Structure formats: C-alpha cells, structure tokens
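Q: Model the following, please.
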Amino acid sequence: MAAAVDKHLETNLELIKERLGVSITFDVLIREICIGERDAALIFIDGFIKDRETVAIMRTLMQIPRGELGVNGLEKIIKRYLPYFEIEVSDDLEDAIDQLLAGPLLLLIDGMTSVIVIDVREYPVRGIEEPDLERVTRGSREGFVETALFNTNLVRRRIRDPRLRFEALQAGERSKTDIFVGYIEDIADASLVAEVKQRIARINRDALPMGGKNLEEYILGTSFNPLPVTRYTERPDVAAAHMLEGHVCIFVDTSPFAMIVPVTAWHFTQHAEEYFQNPPVGTYLRWVRTIGIILSMLVIPVWYALVNTPNLPSWLDWLGPKELSVVPIWLQFIILELGLDLIRMALVHTPSALATSLGIVGAILLGDLAVSVGIFIPETILYIAIVAIGTFGTPSLEFALALRLFRFFILVCTFLFNWIGLGVSLLASFLAFGLTKSFGLPYLWPLVPFNGPALLRIVFRYPIPQITMRPKAIAGKRDRDTRRK
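A: Residues are numbered from 1 along each chain as shown. Here you go, the predicted model:
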C-alpha cells in the first residue's frame, strides 16, 4: 500500500511511529536534528547501522548553513552535503519503511516530499571460516556466512566477469527475505533463469523463517520422493565452478549456503577434494566414494539374501552367522540402523568436547556388550559399520539421508521376499531415480538418457586444461523436456 511522503515532518513521523510501534518496541530510534534551520529526523534500527559513518553524516548535515535548502534543496543535500555513496531517494513512505526494516537509515526533512535512504547498515555476522561439511586438505578455507551480500562478494572475487549477474528479489509478505539469483549471462540458459525467478515471484507466504530450506520447498515443491533436487554448498569456489558450467546459484539472506540448480544424482557424489588432487588421485577418490555409496545400499540386503539361499556354492560357505542370537537377524539390522541414526543425531546435539566420548560409548562399548550378551552377532555389527562408513562418505547430507530411506525400503522387501523382494525394490528405486527431475533435467542424466562424453566426465576426473567444453547438453535436454510438458 503506497503512501506519499507528506511535506510536514510531524505527519510523516506520526505515521512511522504508528506503523513501527515506536512507543512499544525499543530498537526503532528517531533522532531529531536541525538541517539549515529546518527540522529533520533520522530513523534507524538500533544495531543495524555503522556508528562512525552515521555520526560523520550527522555532523555534516548539522553544519549546513541557513537558507541553503531553498531551491533544489534535496539535490543540494545529496550532491554537496552527504559524504556517502549508497544513497537513494523515495517518494513512497511505505517503501521507505520497508527499506528501513532491512537496515538502511532514513532522513526526513520538513518541507520536502521525499525520503533520503542512506545505506549505512551493518549486519551482525560471524567470521568467514571453512565449512564443516565440505573440508578439503588443500584449497580455500573460505565458507559462506549468513549475510547474502558477503556470499555474492566471495563468488565475484572468483569470477571477475562483467557478465556475472546477481538479481535481487524478495519473498515473504512479512519477512521480506532478500534472495539473489546468480548466473553468468552468456553461459546460463535464459529460460532456466526466467523459470527460477518466476517460481520465486509466485511465493505468497508470510515469511521464510528457515531461509534457503523454506525457499527450496516453495520453488521445487514437496512430494513423497525424498531425493534432493537442489545441491547445497557452503564453498564459494564450488558455487563459482557450477556457475561457470551454466548452473544457477540462489543465495538467501540469513542462510550460509548457496542452492545450485539444476542438478543430477551425480552432483551429490562429487566433492571439491577431487579437484585439489591430481587427476588420477581425484578419479580414484571418486570411484572409492561411489563404491562406498553403492555398498551402503546393497551390502546388507545382498548378504541377507545369500545367507537365506539354500545350497550356496562352496566358495561362499564363509557367509552367514557363525553364532546364534536370541534376536532374529532381520530385527538386528533394523535396530542397528535406527541406533546408527540415534548416534548421529546425538553427536549433532552434543558439545564438541563430548562428541568423541559419545562416539566411543555408542559405537564401541554398546556394540561390544551387545555381542557379548548374545543380542547381536558380529556379522551384523560388521555390515552396519560398512554401511555407516559409506553413508558418512557421501558428500551431501541430504542425499545420504534420502538413500537411507531407500535402503530401509530395500531391506524390508528383502527381509520379506528374499531375492524377489530385492529385485523388485531395486527396480522401484531405479524408477524413482529415473523419474525424478530438477528443473526439467533428468536425475540420472547422462546415464539415462545416455550421453557418452558427458558420462565419461562423471566417471573420470578430467585434467582441467583438457576440459574445453561446457555441459551444454544440460540446457538442451532441459529445454526439450520442458517443451514436451
């Protein structure tokens, strides 16, 4: 709702006091001063402005001589007496109030029908440090913080391209959360950028209290499919690398990460560490990680199906439990899977100084005691440990948790129907992967649909100088799928 700025200062201040509850809330401050013998007021949020810069601005304004604000007074103030560079003029008081709530300072002068918005804001922010979930042995130690503007600066430091774009949007009727859509203009697919902005513009909710996670559910939707269709990263070098490949990065204020779209399943199995090692080592790490993820999905159901298969070949005689237990094997695996999740959640909520002790108690003492008293057998502990290593080796937490649900599904089907259940559950899981899309991009591309050169780039970590093409097929495939819809 627009509201024109009144030429009487008191009228404007009364409206601001009523809208912001100045007599109730403590942090909205109004500092009345005199500028060129005219009454004026500075309105700001306590704690959101830079003190020194604000004092310097006030000192300069209060020294304006009498009569200086006659003809073109507003223009004279901006050009002669405001020693600051981020200045904006607004004729809409409601719009100015919205900007005030984001942090800038408002200057109102009696007799003028415009508000001067001075961006001297300074958000409370923690220091830039390496993200816990994406650590590398070599490379940058910088990670995103909760201030989106700082995050875009970290990316722009790495891409000094005049065609790099960060478009500012807002979502939430009450929160008015700042959202920056980042892309490189001549690389990113124009229709993808337009679609991202359209989905953000369609959000009609009060707020995004959880920042980027809320935004993901609004623009990508929610369903019974647990597979993530956007990749989170807290590393500016990872975000920059994806933007150079044609992806779009979405930065949400108050969220210390960027959302990358579109993505495939393979994006969640790659890690920055591969590119801080030479190509053979990077390829080896990629293969080991992928094998670990596959083993975490299949080792238990395949073992269980083999153990319950009569007349196994002699070379598989070593399989199967060597000891008896009072608890059925299938129930042991279910209990251990749930226990593994409980330990993981407990470690998240445990102070760092006690996390190691908790891990020892949960993973070693409890497991050893359970085997000693005959509740579990050593084989179930061994295979659950393999599953845990493969799960924790998955670079993306969201993808690892989604795979855990698929693993539960495969386990239950195998426990109930043995090999038939294993085959049917694997087929159903593969179909779920195959039918999932991220902004129109098939989740298993370039495996399904098949694209040989692109698939080789996933299997092998190519030397950087040999990468002479961008994955344009991503944009083309996405466009074709969108047209079919």
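
Q: which stretches of the stretch 351-485 of the chain have low pLDDT?
A: Where the stretch 351-485 of the chain drops to pLDDT under 70, the residues are 352-369, 372-373, 468-485.

Q: Which parts of it are helices?
A: 352-360, 366-372, 378-392, 397-435, 452-459, 472-484 (DSSP state H, counting those that start in this stretch).

Q: Could you pull out the buried residues of the third one?
A: So that's helix 378-392. 379-381, 383-384, 387-388, 390-391 (16 or more other C-beta atoms under 10 Å). C-beta coordinates here come from the backbone N, C-alpha and C atoms, glycine included.

Q: ok and that helix relative to helix 397-435, angle-wise?
A: The directions of helix 378-392 and helix 397-435 differ by 90 degrees, with axes from the mean of the first three to the mean of the last three C-alpha atoms, to 10 degrees as the criterion.

Q: Can you give the contact residues for helix 378-392?
A: For helix 378-392, contacts defined as C-beta atoms under 8 Å, 6 or more residues apart in numbering pick out 292-297, 299-300, 303, 320-323, 329, 332-333, 336-337, 340, 367, 370-371, 400, 403-404, 407.

Q: Can you flag the buried ones in these?
A: Using 16+ other C-beta under 10 Å as the burial test, these include 292-293, 295-297, 299-300, 303, 329, 332-333, 336-337, 340, 367, 370-371, 400, 403-404, 407 as buried.

Q: which strands and helices sit next to the helix or strand harbouring Val281?
A: Take DSSP states H and E as the rule and Val281 turns out to sit in helix 279-307. Helix 279-307 sits against helix 329-348, helix 378-392, helix 397-435, with contacts defined as 3 or more C-beta pairs under 8 Å, 6 or more residues apart in numbering; DSSP states H and E.

Q: how many degrees apart are it and helix 329-348 in direction?
A: On the basis of the same axes, to 10 degrees, helix 279-307 is oriented at 140 degrees to helix 329-348.

Q: Leu61 reaches Ile35, doesn't it?
A: Yes: counting by C-beta atoms under 8 Å, Leu61 does reach Ile35; the two are 5.0 Å apart.

Q: tell me, what's touching those two both at once?
A: Both Leu61 and Ile35 are in contact with Ile77, where contact means C-beta under 8 Å, 6+ apart.

Q: so what's the residue nearest to Gly390 when sequence neighbours are not counted scoring on pLDDT?
A: Spatial nearest neighbour of Gly390, excluding adjacent residues (C-beta to C-beta, 6 or more residues apart in numbering): Ser296 at 2.9 Å. You'll see Ser296 listed with a pLDDT of 93.

Q: so how far is Glu86 from Ser296?
A: Distance check for Ser296 against Glu86: by C-beta to C-beta, to the nearest Å, it reads 50 Å.

Q: what's the answer for Ser314, then?
A: 78 Å.

Q: and if you look at Ala265?
A: 43 Å.

Q: One more: Glu53?
A: In this view, Glu53 and Glu86 are 10 Å apart by C-beta to C-beta.

Q: So those two - more neighbours on which side?
A: Glu53 (15 against 10; other C-beta atoms under 10 Å).

Q: rewinding a little: can I get the buried residues of helix 378-392 in TSV including distance to Arg163?
A: Below are the buried residues of helix 378-392 laid out as TSV (distance: C-beta to C-beta, whole Å):
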residue	distance to Arg163
Glu379	58
Thr380	56
Ile381	55
Tyr383	51
Ile384	50
Val387	46
Ala388	45
Gly390	41
Thr391	40
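
Q: Can you tell me which of those residues comes closest to Val28?
A: For these, the closest approach to Val28 (C-beta to C-beta) belongs to Thr391, at 48.2 Å.

Q: now that closest one: how far from Tyr275?
A: According to C-beta to C-beta, Thr391 and Tyr275 sit 23 Å apart.

Q: likewise Gly421?
A: In this view, Gly421 and Tyr275 are 40 Å apart by C-beta to C-beta.

Q: for Tyr123, same thing?
A: 32 Å.

Q: which residues touch Cys180?
A: Check again: residue 180 is Phe, not Cys. For Phe180, the contact set (C-beta under 8 Å, 6+ apart) comprises 148, 152, 166-169, 250-251.

Q: Now render these as TSV, adding distance to Pro226.
A: Converted to TSV, the contacts of Phe180 look like this (distance: C-beta to C-beta, whole Å):
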residue	distance to Pro226
Ala148	27
Thr152	30
Phe166	31
Glu167	31
Ala168	32
Leu169	28
Ile250	21
Phe251	25
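
Q: Out of those residues, which comes closest to Ser140?
A: Thr152 (16.1 Å).

Q: sec struct for that closest one, please.
A: For Thr152, the secondary-structure state derived from DSSP: H, G, I helix; E, B strand; the rest coil is helix.

Q: and what of Tyr218?
A: What three-state DSSP gives for Tyr218 is helix.

Q: What is the burial count for Trp287?
A: 13.

Q: Which residue ranges of the stretch 51-200 of the chain form strands?
A: 87-90, 105-109, 115-118, 164-171, 177-184 (DSSP state E, counting those that start in this stretch).

Q: Now those strands in TSV, please, with extra columns for mean pLDDT and distance to Ala239.
A: Listed next are the strands of the stretch 51-200 of the chain as TSV, based on pLDDT from 0 to 100; distance: least, C-beta to C-beta, whole Å:
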stretch	mean pLDDT	distance to Ala239
strand 87-90	94	28
strand 105-109	95	31
strand 115-118	96	30
strand 164-171	96	12
strand 177-184	96	8
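
Q: For Gly47, which of those is the nearest?
A: strand 105-109 (12.5 Å).
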